[in-house]
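> let me see the structure of the following:
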Amino acid sequence: MKGETIQTVSTLTCPQCGKAATETMPTDACQYFYDCTHCGALLKPLTGDCCVFCSYGDVPCPPIQEARATGQSASCGGGACSG
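Purely as a prediction, here's the structure:
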């Protein structure tokens, strides 16, 4: 992967209350749902995104990071993501 390190921590910002929470991302799958720890809103990915980290996080999910680093299409493939 061209010497780049996959980041596994991302800060999610809730679109409803604007509060942020730092979370560890799964490395073997994408996280489709997330309950805001502040207001309880159920977050789901925006259209075209594979997971909540790609939609609301400051760092995209590991499968997307890897695809971008290797120059492949930035979409979750290989069964890692369901979106």
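> now do the phi/psi pair for the residue nearest the centre of the chain.
The chain has F53 as the residue nearest its centroid, 2.3 Å off, counting by Cα atoms, centre = their mean. Here is the backbone geometry of F53 (degrees, to the nearest 10): phi -70, psi -40.
> ok now do it, which residues does it touch?
Residues near F53 by Cβ atoms under 8 Å, 6 or more residues apart in numbering: S10, L12, E23, M25, C30, Q31, V59, P60, C61. C-beta: built from backbone N, CA, C; applies to glycine.
> and G40, helix, strand or coil?
Following DSSP: H, G, I helix; E, B strand; the rest coil, G40 is assigned to coil.
> correction: E66
helix.
> that one contacts T8, doesn't it?
No - counting by Cβ atoms under 8 Å, E66 stays clear of T8, with 11.7 Å between them.
> quick one: low-confidence ranges for the chain?
For the chain, the stretches with pLDDT under 70 are 1-3, 74-83.
> that one: strands as residue ranges?
9-13, 20-24, 34-35, 42-43 (DSSP state E).
> and of those strands, who's closest to Q72?
For the strands of the chain, the distance to Q72 is smallest for strand 9-13, at 20.4 Å, taking Cβ to Cβ.
> got the angle for the closest one vs strand 20-24?
Taking axes from the mean of the first three to the mean of the last three Cα atoms, to 10 degrees, one finds strand 9-13 and strand 20-24 inclined to each other by 150 degrees.
> contacts for strand 9-13, please.
Strand 9-13 is contacted from outside by 19-25, 34, 43, 52-53, 56-61, using Cβ under 8 Å, 6+ apart.
> now do that strand: distance to the chain's middle.
Put simply, strand 9-13 sits 8 Å off its chain's centre (Cα atoms, centre = their mean, to the nearest Å).
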